[in-house]
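Participant: My questions concern the predicted model and sequence given below.
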Amino acid sequence: SRLCTLADNNIMAIGWIAAGRQLLNEAATEAGGHAEAEIPEDVLHYGMLLLTFLLGCSYFLGYILHKTHFHYLHEAGGAMLIGLISGAMIHGAGGSLEQLVKFDDKIFFLIFLPPIIFEAGYNMKRRKFFTNFGAICMYALLGTFVSTIIIGLLVYLIGKAGWCTQLPLLSSFVFGSLISATDPVTVLAIFQQLGADLNLYSMVFGESVLNDAVAIVLYRTLGVFKTSPVTGGSLVMALGDFLKIMLGSTAIGCGFGGMSALLYKHTTLREPDFFFMEVSLTFVFPYMSWMLAEGAHLSGIVAILFCGITMAHYTFNNLSKPAKDLTRKFYKVVAFLAETFVFVYLGLATFTFKLDLDMSFIILSILIILAARTFNVFPNSWIINRFRRPEDKINMKFQFVMWFSGLRGAIAFALAYQALEDPYFEDKGGRLIFTATLFIVFFTVLAIGGSCTTLLNKLQVMEKGDPDHAPIKGRRSKALLNWDRRFLKPLFTHGKNPPGDVEMTAPQEDEASLLSRPDGEEASSSAQV
């Protein structure tokens, strides 16, 4: 408990200091003077106090909503509304304090996003994730490509038809790529509260995490066409960049995860004397993977996700039992803090921007993203079901919930902000893209997110049976699982049978036992479509 509190305070302090320094530097640059002259120190302290107070208000509001069973507003939406109201008041009052609530994509990508993504990989239900990995890749890769193309083309065509402001073709596809990034934080939280089916949970969760990565990579890849015309050669170059970013980032994440496993395996960090070092080092490797990937112009989100998955599968087995328990809970707390703060931050920052309000464009964009989501979920589900047994098919209830879960959030907002700040899009619809994204985020989080509980209760998509002991299906999954046990687990963990694993003595043994540990933690399996 003492360590958790100390580490939590240290990380929050680092976050506040980095955020404050970044905002001060920006203020100084914009004012052409010294940061201290622009924002006095006492104002900075009061600003930090305000942000921390709003974070506490968000948690208290979430507690009240949960205790009163008010299902039409979730914690994420409540945090956003608290930030929105506070931002309006600060904007009305004016003064130096307004600089502190200005959204900054660097703070978002360097401080708040890494712990959220790492925790998603480190604490995920890996057995269900990898059992549905083929389906997840279909939705996240092919589905995001389809969504980007449909949104980009339709947005360009409705502008061409004169129904709303016309965007250039490249701007339309950039909008399509960034608005295809889903963020179902609200839906996943409700899934956990209601005990939703873990196969459904894993597909929605897995798609959202990989989809965010694909959307970011697509957004960056489209930047090739700022300086190059659309030709066969430039399309091949863009595809090459996409593959380079995805594969390179995955290799970096898995590499750092593997190095951490080897370090813990070949040292005595498990001993009680090194407990603080043992836990602290689990924080170092993910951030190094993120920074290296970003520094190499790859994707930090992909790198840190696979670093988290690799560390959970190998490094976790080399930790002492107290460290296992603490790291799981600690990263959950840090991610929860970061997620809530991001939604408060979005609301606060809303009134610091000049908007380009075109309601026709915004309304039509909402209808278009719903249509694009339809062409992502239902055709891909049909293809996936063609390769599944009847009892494993994705039913229409699951498909509808997945379609409904396509909320937009912080990733789309941050990418839209980058487009707004990009000089190339200054006269090519950058401000309209940002405005539309802002309204879409609020609409999906508040309107769609607020109705999720009612929908899920009505459809009754609950987990049946014991999810920790469900059999693993598919010859490829079993073969890859055995290959992992025979070669990779002995290489990266203590001995041929790491602590908590079960020896496979016969082909007919229940494969589910290989993926469940005595303490309830899961190891991973491999993919089947």
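Facilitator: Done, it's in. In this text, all values refer to a predicted model and were calculated from it rather than measured experimentally.

Participant: Quick check: pLDDT value at the spatially most central residue of the chain.
Facilitator: Computing the C-alpha centroid of the chain and ranking residues by Cα atoms, centre = their mean puts V209 first, at 4.7 Å. Reading off the confidence values, V209 has pLDDT 79.

Participant: any idea how far F375 is from it?
Facilitator: From V209 across to F375, the span is 21 Å (Cβ to Cβ, to the nearest Å). In this view, the C-beta of every residue, glycine as well, is placed from N, C-alpha and C.

Participant: same check, this time on D104
Facilitator: Separation of D104 from F375 (Cβ to Cβ): 35 Å.

Participant: Wait, the residue nearest to the centre of the chain touches L305, no?
Facilitator: Yes: taking Cβ atoms under 8 Å as the contact criterion, V209 and L305 are neighbours in contact, 6.0 Å apart.

Participant: any residues in contact with both of these two?
Facilitator: Among the neighbours of V209, those also in contact with L305 (Cβ atoms under 8 Å, 6 or more residues apart in numbering) are 117, 120-121.

Participant: Mind checking which of those are in helices?
Facilitator: With helices identified by DSSP state H, the entries of the shared contacts of V209 and L305 that belong to them are 117, 120-121.

Participant: Closest to G257 out of those?
Facilitator: When these are compared for distance to G257 (Cβ to Cβ), G121 comes out closest, at 9.0 Å.

Participant: show me what contacts the closest one?
Facilitator: Neighbour list for G121: 209, 304-309, 311-312 [criterion: Cβ under 8 Å, 6+ apart].

Participant: Repeat the analysis, applying 6 Å as the threshold.
Facilitator: When contacts are counted by Cβ atoms under 6 Å, 6 or more residues apart in numbering, G121 touches 305, 308-309.

Participant: and which of those is nearest to V284?
Facilitator: V284 lies nearest to G308 out of these, by Cβ to Cβ, at 13.3 Å.

Participant: Give me the pLDDT for the residue nearest to I394 when sequence neighbours are not counted.
Facilitator: Nearest residue to I394, sequence neighbours excluded (Cβ to Cβ, 6 or more residues apart in numbering): S381, at 4.9 Å. Among the per-residue scores, S381 holds a pLDDT of 93.

Participant: Kindly report the same for S260.
Facilitator: Predicted confidence (pLDDT) at S260: the value is 94.

Participant: Would you confirm that the residue nearest to the centre of the chain contacts A120?
Facilitator: Yes: with contacts defined as Cβ atoms under 6 Å, V209 counts as touching A120 at a distance of 5.4 Å.

Participant: For the stretch 101-250 of the chain, which segments are assigned as helices?
Facilitator: Read by DSSP state H, counting those that start in this stretch, the stretch 101-250 of the chain holds these helices, from start to end of the chain: 105-107, 113-122, 126-131, 133-137, 143-160, 169-179, 185-194, 198-221, 232-265.

Participant: ok, now which ones touch the residue nearest to A181 when sequence neighbours are not counted?
Facilitator: Setting aside the residues directly before and after it, A181 is nearest to A215 in space (Cβ to Cβ, 6+ apart), at 3.6 Å. Under the criterion of Cβ under 6 Å, 6+ apart, the neighbours of A215 are 144, 177, 180-181.

Participant: Just give me the least confident of those.
Facilitator: Within the set of the contacts of A215, pLDDT is lowest for A181 (87).

Participant: burial count for that one?
Facilitator: Burial measure for A181: 27 neighbouring residues, criterion other Cβ atoms under 10 Å.

Participant: now do A419
Facilitator: Summarising burial for A419: neighbours were counted as other Cβ under 10 Å, giving 24.

Participant: cool, and L247?
Facilitator: Based on other Cβ under 10 Å, the number of other residues close to L247 is 12.

Participant: how much space between it and G409?
Facilitator: From L247 across to G409, the span is 26 Å (Cβ to Cβ).

Participant: And for I136?
Facilitator: I136 is 19 Å from G409, where distance means Cβ to Cβ.

Participant: again, but for C164
Facilitator: 24 Å.

Participant: got it, and M124?
Facilitator: The span separating M124 from G409 equals 19 Å under the rule Cβ to Cβ.

Participant: T52 now?
Facilitator: With Cβ to Cβ as the criterion, T52 and G409 are 22 Å apart.

Participant: who has more neighbours, these two?
Facilitator: When T52 is set against G409 and neighbours are counted by other Cβ under 10 Å, the residue ahead is G409, at 26 against 13.

Participant: Give me the neighbour count for the residue lying closest to F109 once chain neighbours are set aside.
Facilitator: Across the structure, with Cβ to Cβ, 6+ apart as the measure, the residue nearest F109 apart from its sequence neighbours is A414 (6.8 Å). Taking other Cβ under 10 Å as the criterion, the count of residues near A414 is 24.

Participant: next SSE after the helix or strand of the chain with the lowest mean pLDDT?
Facilitator: Every helix and strand of the chain was ranked by mean pLDDT, DSSP states H and E. The lowest is helix 35-38, at a mean of 45. Where DSSP states H and E defines the elements, the next helix or strand beyond helix 35-38 is helix 41-67.

Participant: now the next helix or strand after that next one against helix 41-67, angle please.
Facilitator: Remark: after helix 41-67, the chain's next helix or strand is helix 75-93, criterion DSSP H and E. In this structure, helix 75-93 runs at an angle of 150 degrees to helix 41-67, with axes from the mean of the first three to the mean of the last three Cα atoms, to 10 degrees as the basis.

Participant: Go through helix 75-93 and flag the buried ones.
Facilitator: Residues 75-84, 86-87, 90 are the ones in helix 75-93 that count as buried (16 or more other Cβ atoms under 10 Å).
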